[in-house]
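Asker: next one to model:
(2 chains)
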Amino acid sequence: MWWQWAHWLPLAVLVPLGFGVTTPAVAGGDGGRAWRWAVLGSALAAATTLALVVRVAREGPFSYAFGGWNPPYGIEFRFDEVGAFAFVVASLGMLAIVFSGRYAEHALDPARIPYFYTLLLLDIAGLIGFSVTGDLFNMYVFMEIISLSSYALVAVSGERTAEMAAFKYLVLGAVSSLLVLFGIGMVYGTTGTLNLADAARRLGGVGSAVPVAVAIALMAAGFMVKSALFPLHVWLPDAHAIAPSPVSAVLSGLVVKVGLLGTFRLYQVVYRTGIVDLAALDQLFLWLGAISIVMGAFFAIFQDDIKMMLAYSTISNIGYIVMGFGLASKFALIGAAVHIFNHAIIKSALFLAAGAIIHQTGYRRLSELRGAGRGMPLTAAALSVGAVSIVGIPPTAGFLCKWYIALGAFEAGRAAFGFALVFGALFIFVYYIRMVNAFYFQEPVHADVVHAGDPPLSMLVPVWVLAGLCLAMGLAGKIPLTFITPAISRLLAPIGG
Amino acid sequence: MTFGAPAGATQFMALSAVLFSLGLYGALSRKNAVMVLMSLELMANAVNLNLVALSRFTDPAAMTGQYFAVFSMVVSAAEIGLGLALVLAIYRQKKTIELEAMEELKG
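Answerer: Next up is the predicted model:
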């Protein structure tokens, strides 16, 4: 079958990488041509990753050994159900690039536009690579490709505060990368291998647990900064709010998930070896997750800037996923893994819709955007669909995964955290209802907001595709849940099972 | 067992842990943007030292750690380059590289 061709896996990374590097040369200074080239590249990447998802759904996880060198000696790409995040990355990346076409003309210096697409495609290539790699060495390199292109993307607009936000992001991002790298070094020193599966095997026979515990602590700390858990979140709101809107969608939907996917891969290595008791780490995740949910929502309530509000909402939602990891029961882990996918879709929909509104009206504060629902009905409706999904009201995408995490809390005998989750959802409901209220029911402050009109189709279509997906992922919510279940079962299976 | 036993590995790891901690302290406490970048570089070199030492003491023939260190040097050079570019861009606007003076972000 077409989806069984072995080379889809390396191509999934090489296609966006190749298109990204060639964009400035192909464009020759023409922003429109750069856009068409980038759309083509990301569409091909989405098609390639789709083949991988079809194969993993039919056959289970599979590997690709570079140059025919079998692991643990060669470099291995491994695609499992969680790696299907690569498909989400490629398709959301494509929608963000389509959206950027008209947005970039208006918001960016024309000379920078081809490089903007280069950076977006490199970001996508790094994210796909990070999702599919089976090797710690590669994992670090892809993580740095993602980080470096993200820092540059935050600064690309050249706005007054953008460079400072990017610098802050760079310093904390570099610290977290180096923590992870130190941890990877410790794993290598302990096991003598960099292959994930091989490391998991060899950890069982390690004499002393201390270096393994240090490695886990360092990597978990690094990934927590990357995913912006509450006390380590300081870099996120500025970077995500100041970046151009399609970039915010990619950063908030996809790039923060690097920390979560990394944590999941770390779990896959150490969970079943039993050499280190992970109870303390689970406790930490549980509490930090719960605090992130509440604090993210609390800060978001006081934001007037619509993108700042969405950025704080990301912190809340990361809290949900990390709490799911901390509960470590089957339902909670399934819910958390699916929320990685669903939050990506919902938050991209929200940021792109918000970007379209800012693009059309020129305002970004809720107090100035009153009445936007009348001026641009289709965009505001899409934003409302996203808001309903992220609160977790059935039948939208946010509901089932949060429901599963809450079920997991009861399953693990931690009912209090289940209530914290529901309480957090109420908080989130408050600030999204404030936004919907401002758009539809308050008298406009600026008359031009009412006459702004919906954005051009190249912006409206990606927004509505994503809003439609928010609804579809809710109505067909069983499909992602059953898709991800084998990966979680394998993670939780008893040793030797 | 491949960890800790041979004489020397522990000392190298202790040294790299000290360097890493010094760099971390500098990166989070320095007020001068260039000093922050230098502290990041110190952390990166601590990690590279660790990788090379572990490679030497666990599996000297394969040299995996040494390859890894070379890659990681390239990556950190790119990172510092980007950081310095940002510092230059900020300096052109603000005429300062003191982080306190640039603070007008809300986060």
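
Asker: kindly export the helix or strand where residue A:90 lies (C-alpha atoms) in PDB.
Answerer: Secondary structure assignment for residue A:90, by DSSP states H and E: helix A:85-107. As requested, the backbone C-alpha atoms of helix A:85-107 are provided in PDB (Å, rounded to 0.1, in the frame of the first residue of the first chain):
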ATOM      1  CA  PHE A  85       1.400  15.000  16.700                       C
ATOM      2  CA  ALA A  86       3.600  15.400  13.600                       C
ATOM      3  CA  PHE A  87       0.400  15.400  11.500                       C
ATOM      4  CA  VAL A  88      -1.200  18.000  13.700                       C
ATOM      5  CA  VAL A  89       2.000  20.100  13.400                       C
ATOM      6  CA  ALA A  90       2.100  19.900   9.600                       C
ATOM      7  CA  SER A  91      -1.600  20.600   9.100                       C
ATOM      8  CA  LEU A  92      -1.800  23.500  11.600                       C
ATOM      9  CA  GLY A  93       1.400  24.800  10.200                       C
ATOM     10  CA  MET A  94       0.000  24.800   6.700                       C
ATOM     11  CA  LEU A  95      -3.100  26.700   7.900                       C
ATOM     12  CA  ALA A  96      -1.000  29.200   9.700                       C
ATOM     13  CA  ILE A  97       1.100  29.700   6.600                       C
ATOM     14  CA  VAL A  98      -2.000  30.100   4.400                       C
ATOM     15  CA  PHE A  99      -3.300  32.700   6.900                       C
ATOM     16  CA  SER A 100       0.100  34.500   6.900                       C
ATOM     17  CA  GLY A 101      -0.200  35.400   3.200                       C
ATOM     18  CA  ARG A 102      -2.300  38.600   3.600                       C
ATOM     19  CA  TYR A 103      -1.300  39.100   7.200                       C
ATOM     20  CA  ALA A 104       2.400  39.300   6.500                       C
ATOM     21  CA  GLU A 105       1.900  41.900   3.600                       C
ATOM     22  CA  HIS A 106       0.400  44.200   6.100                       C
ATOM     23  CA  ALA A 107       2.300  43.400   9.300                       C
END
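
Asker: can you name every helix or strand that it contacts?
Answerer: Here helix A:85-107 touches helix A:8-27, helix A:31-59, helix A:113-132, helix A:245-250, helix A:330-361, helix A:457-475, going by 3 or more C-beta pairs under 8 Å, 6 or more residues apart in numbering or on different chains; DSSP states H and E. Every residue, glycine included, has its C-beta placed from N, CA and C.

Asker: okay, the ones you listed, which one's buried deepest?
Answerer: Ranked by mean neighbour count under mean count of other C-beta atoms under 10 Å in any protein chain shown, the helices and strands packed on helix A:85-107 are led by helix A:245-250, which reaches a mean of 29.

Asker: helix or strand right after that helix?
Answerer: Under the assignment DSSP H and E, the closest C-terminal helix or strand after helix A:245-250 is helix A:257-270.

Asker: what angle separates that following helix from helix A:113-132?
Answerer: 20 degrees (axes from the mean of the first three to the mean of the last three C-alpha atoms, to 10 degrees).

Asker: kindly export helix A:257-270 (C-alpha atoms) in PDB.
Answerer: Listed next in PDB are the C-alpha coordinates belonging to helix A:257-270 (Å, rounded to 0.1, in the frame of the first residue of the first chain):
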ATOM      1  CA  LYS A 257       4.000  21.100  23.500                       C
ATOM      2  CA  VAL A 258       7.700  20.300  23.100                       C
ATOM      3  CA  GLY A 259       8.100  20.200  26.800                       C
ATOM      4  CA  LEU A 260       5.000  17.900  27.200                       C
ATOM      5  CA  LEU A 261       6.100  15.500  24.400                       C
ATOM      6  CA  GLY A 262       9.600  15.500  25.900                       C
ATOM      7  CA  THR A 263       8.200  14.600  29.300                       C
ATOM      8  CA  PHE A 264       6.100  11.800  27.600                       C
ATOM      9  CA  ARG A 265       9.300  10.400  25.900                       C
ATOM     10  CA  LEU A 266      11.100  10.600  29.200                       C
ATOM     11  CA  TYR A 267       8.300   8.600  30.800                       C
ATOM     12  CA  GLN A 268       8.600   6.100  28.000                       C
ATOM     13  CA  VAL A 269      12.200   5.600  28.900                       C
ATOM     14  CA  VAL A 270      12.100   5.500  32.700                       C
END
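
Asker: pLDDT of it, averaged?
Answerer: Mean pLDDT, taken over the full extent of helix A:257-270, equals 90.

Asker: what does the helix or strand hosting residue B:17 rub up against?
Answerer: Here residue B:17, judged by DSSP H and E, is contained in helix B:9-29. Contact partners of helix B:9-29, identified using C-beta atoms under 8 Å, 6 or more residues apart in numbering or on different chains, comprise A:171, A:174-175, A:178, A:182, A:189, B:3-4, B:35-36, B:38-47, B:49-50, B:53-54, B:57-58.

Asker: which of the helices and strands in the chain ranks last by mean pLDDT?
Answerer: Defaulting to chain A. The weakest-scoring helix or strand in chain A, judged by mean pLDDT, DSSP states H and E, is helix A:447-450 (a mean of 79).
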